[in-house]
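A.B. asks: Mind folding the following:
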Amino acid sequence: MSDDILFDLKGVSKKFVKGKDTITVFDGLDMSIARGDFLAIMGPSGSGKTTLLNMLGGVDQPTGGEIWFDGSRIDSLSENQLAAWRANNIGFIFQFYNLMPMLNAERNVELPLLLTKLSRSQRKKNIAAALELVSLSDRARHMPAEMSGGQQQRVAIARALVSDPKLMLCDEPTGDLDRETADEILSMLQLLNREYDKTIVMVTHDPEAAKYAKRTLHLDKGVFVEKDLAA
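C.D. replies: Modelled structure (predicted):
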C-alpha cells in the first residue's frame with residue numbers, strides 16, 4: 001500500500017442475515033482514502049453509508065475482503081484489539097452530539113482518553129488544547145444543557161480531536177443544526193483538514209455540506225461513483 005494511502009478497502013463485502021433473508025450491502029467494494037483527504041459520502045437512505053462508516057471505524061466487520069489502515073490489516077483484529085485501535089486512531093462525530101448529559105464539557109472531552117495510558121496531567125493538557133481549538137475554553141465547566149446545539153457539536157469535535165486521531169469519521173455532523181451554525185461547524189472541519197492535516201470522512205445528505213469537502217463520492221446500491229455536485 002502506498003505511503004500516501006491511509007485507508008484501503010479491497011474487495012469488501014458486507015451481508016446481513018434477517019430471518020431467512022440475506023441482505024447484501026456491499027459486494028466486492030474497492031475504496032482508497034489518502035492521507036489529508038476530506039471526503040464527503042452522499043447517497044439515498046439505505047445505500048450503505050452508515051454501514052461503510054462503521055466498517056471504517058472498526059465498529060462493524062466486513063463479511064469478506066480486506067480493510068487496511070496505515071499499512072496494517074484491521075478486519076482480522078479481535079474486539080479488544082479493535083477497541084485499542086479505535087482509541088488511538090479514530091475520532092467520531094455524530095449528528096446528535098452523543099454527549100453525556102451528566103458530565104460537563106471537559107469531562108465529555110476526556111472520555112476517549114480514559115481508554116489510553118495517558119497520565120491525568122497529560123489528559124488535562126490534551127483536554128485544554130482541544131477545547132481551545134474549538135473556541136470553548138470558557139465553557140469547559142458548562143453542562144450540555146447549558147450550551148447551544150452548535151456549542152455541543154463543538155464539544156463533540158473536541159472530544160473527537162483530543163486523542164489526536166489519524167482519521168475523523170463524521171455521521172451527518174450538521175444534520176441537527178440551522179444553516180448558519182452548520183456552516184460554522186463545517187468551516188471548522190475544513191480548517192482541521194487544511195491547517196492540521198486531519199483526514200476526514202463525512203456522511204451527509206446535504207449538498208451544501210458536501211461542498212466543504214475536497215471530493216464527494218455518491219453511494220448507491222453499494223457502489224461508489226464520482227459525482228459532480230455542480231452537474
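
A.B. asks: Any idea which residue is closest to the centre of the protein?
C.D. replies: Nearest to the mean C-alpha position of the chain, by CA atoms, centre = their mean, lies residue 169 at 0.9 Å.

A.B. asks: Okay, strands next: where are they in this structure?
C.D. replies: In the chain, the segments counted as strands under DSSP state E are 5-18, 21-34, 38-42, 64-69, 72-73, 90-94, 167-171, 199-203, 215-220, 223-226.

A.B. asks: circling back: you'd agree the residue nearest to the centre of the chain is up against residue 86?
C.D. replies: No - in this structure, residue 169 is not within contact of residue 86 by CB atoms under 8 Å, at 9.9 Å. Using the backbone N, CA and C atoms, a C-beta is placed for each residue, glycine as well.

A.B. asks: can you list residues touching both of these two?
C.D. replies: residue 57 (CB atoms under 8 Å, 6 or more residues apart in numbering).

A.B. asks: Now do residue 86, the pLDDT please.
C.D. replies: Residue 86 is assigned a pLDDT of 89 by the prediction.

A.B. asks: List the residues that contact the closest residue to it other than its chain neighbours.
C.D. replies: Once flanking residues are discounted, residue 86 sits nearest to residue 58: 5.3 Å by CB to CB, 6 or more residues apart in numbering. For residue 58, the contacting residues are 74, 77, 82, 85-86, 90, by CB under 8 Å, 6+ apart.

A.B. asks: Determine which two of these are furthest apart.
C.D. replies: 77 and 90 (12.8 Å; CB to CB).

A.B. asks: Which residue, neighbours along the chain excluded, lies closest to residue 4?
C.D. replies: Closest to residue 4 by CB to CB, 6+ apart is residue 34, at 5.3 Å.

A.B. asks: Specify the beta-bridge partners of that neighbour.
C.D. replies: Taking DSSP bridges, one finds residue 5 as the beta-bridge partners of residue 34.

A.B. asks: burial of it, as a residue count?
C.D. replies: Residue crowding around residue 34 was assessed by other CB atoms under 10 Å; the count is 14.

A.B. asks: quick one: the helices in this structure?
C.D. replies: 49-56, 79-89, 105-110, 120-133, 149-161, 179-196, 207-210 (DSSP state H).

A.B. asks: Where does pLDDT dip in this structure?
C.D. replies: Along the chain, the model assigns pLDDT under 70 to residues 1-3, 226-231.
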